[in-house]
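Engineer: need the 3D shape of this:
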Amino acid sequence: MGNMKLKLLAATILLSAVIAGCAGTAGNQKLSEHTKESVTQNITEGKTTQAQVKQLFGEPNTTSFTDGGNDVYNYAFSRASAQGVNYIPIVNLFARGFDVNTKTLAILFDKDKIVVKYTMSETQSQTKGGVGQ
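Structural biologist: Numbering: from 1, shown residues only. Got it, this is the predicted structure:
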């Protein structure tokens, strides 16, 4: 009976490792911790500085400039989680997919490095793959 419990424990640990290995993240990890509400609480247009934004979110994923020379910081974060069909042998050759949660934050600064405007979005999507897709 003890041997059976050991096998069950090993199988549980292996399955947990496989499932954990099928979720992935990319982008700015600090953004992953924020919601639209928390961003609104932390960024005030006309008041929050570029330095404060960097303190909150770190370095932006990309930086661009407007025609007028104002800085635009762009932050992005994505988390993909494997769908259940991915774990079904044979079937996963024909159909597999991931649920993807993406957050983006764009911030426009004026010449004095103060936030002029910002926008945050969070989207849910799915990616599909396999021979049957």
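Engineer: what segments of this protein are helices?
Structural biologist: Assigned helices in the chain, in chain order: 2-20, 29-32, 36-42, 50-57, 91-94 (criterion: DSSP state H).
Engineer: worst mean pLDDT among those helices?
Structural biologist: Among those, helix 2-20 carries the lowest mean pLDDT, at a mean of 51.
Engineer: residue 71 versus the residue lying closest to residue 72 once chain neighbours are set aside, what's the distance?
Structural biologist: Once flanking residues are discounted, residue 72 sits nearest to residue 64: 4.7 Å by CB to CB, 6 or more residues apart in numbering. For the C-beta atoms, the positions are set from N, CA and C on the backbone; glycine is no exception. From residue 64 across to residue 71, the span is 8 Å (CB to CB, to the nearest Å).
Engineer: so for these two, which sits in the more crowded spot?
Structural biologist: Using other CB atoms under 10 Å, the more surrounded residue of residue 64 and residue 71 is residue 71, with 17 against 12.
Engineer: which residues are in contact with the more buried one?
Structural biologist: Counting by CB atoms under 8 Å, 6 or more residues apart in numbering, residue 71 touches 50, 63-65, 108-109, 113.
Engineer: from residue 29, how far off is it?
Structural biologist: Distance, residue 71 to residue 29, by CB to CB: 22 Å.
Engineer: could you do residue 42 as well?
Structural biologist: To residue 29, residue 42 is 16 Å away according to CB to CB.
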